[in-house]
Structures are given as C-alpha cells and as structure tokens.
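J.: Got a predicted structure here, sequence first:
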Amino acid sequence: MPHLQIYIPDNLTELIKRYGKPEKLDSLTDRTIIEQTQDTDALKIYSLLLKYGAGLDQESLMLID
C-alpha cells in the first residue's frame, strides 16, 4: 500500500465552524479505529471534529483560488 498523506487546510477550524454538520459526527461508525490510530494528522482532525461537535462532507466543499 503506498504511503498517503492527509491534506489539512490551514483554515480547517473555520471550515468546520462554517460547514460542519452535527449529524455527520453522530453517524461516524468507526470511532474505535480512529481513536486507536497512531496517525497524528488523523487524530488532529478527529479532535477538532469532537471539539466543535460536527463532521464534514469531504465532497461538499469546492475551494476556488
């Protein structure tokens, strides 16, 4: 399996605040897998989602420069 790197936008906190949906966090079924990972990027994202009580649809944002 190739090494993958998660892209974390600099404004992730603002994106969660603006576009986050509580029902997306509630529907997260694999919390145990995420909580047991050693991937610091995944844990950083997960902790932000928990902090703001919302999840994001990765397909829902189209960022235009």
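T.: Cool, the structure landed.

J.: Check residue 42 and give its pLDDT.
T.: According to the prediction, residue 42 has pLDDT 86.

J.: Quick check: it touching residue 34?
T.: Yes - Residue 42 lies in contact with residue 34 (C-beta atoms under 8 Å); the separation is 6.2 Å. Using the backbone N, CA and C atoms, a C-beta is placed for each residue, glycine as well.

J.: For stretch 48-61, which residues meet the burial criterion?
T.: 48, 49, 54, 55, 56 (16 or more other C-beta atoms under 10 Å).

J.: and residue 15, what element?
T.: helix 12-19 (DSSP states H and E).

J.: For the most centrally placed residue in the chain, give me its contacts.
T.: Residue closest to the average C-alpha location in the chain (C-alpha atoms, centre = their mean): residue 45, at 4.5 Å. Counting by C-beta atoms under 8 Å, 6 or more residues apart in numbering, residue 45 touches 6, 8, 12.

J.: Quick check: closest non-adjacent residue to the second one.
T.: The one in question is residue 8. Among residues not flanking residue 8 along the chain, residue 41 sits closest, at 6.1 Å (C-beta to C-beta, 6 or more residues apart in numbering).

J.: Could you check how far that neighbour is from residue 24?
T.: From residue 41 across to residue 24, the span is 19 Å (C-beta to C-beta, to the nearest Å).

J.: Just want to know which of these two has more residues nearby.
T.: residue 24 (15 against 12; other C-beta atoms under 10 Å).

J.: Double-check the more buried one against residue 58; I have them as touching.
T.: No - assessed by C-beta under 8 Å, residue 24 is found out of contact with residue 58, at 10.1 Å.
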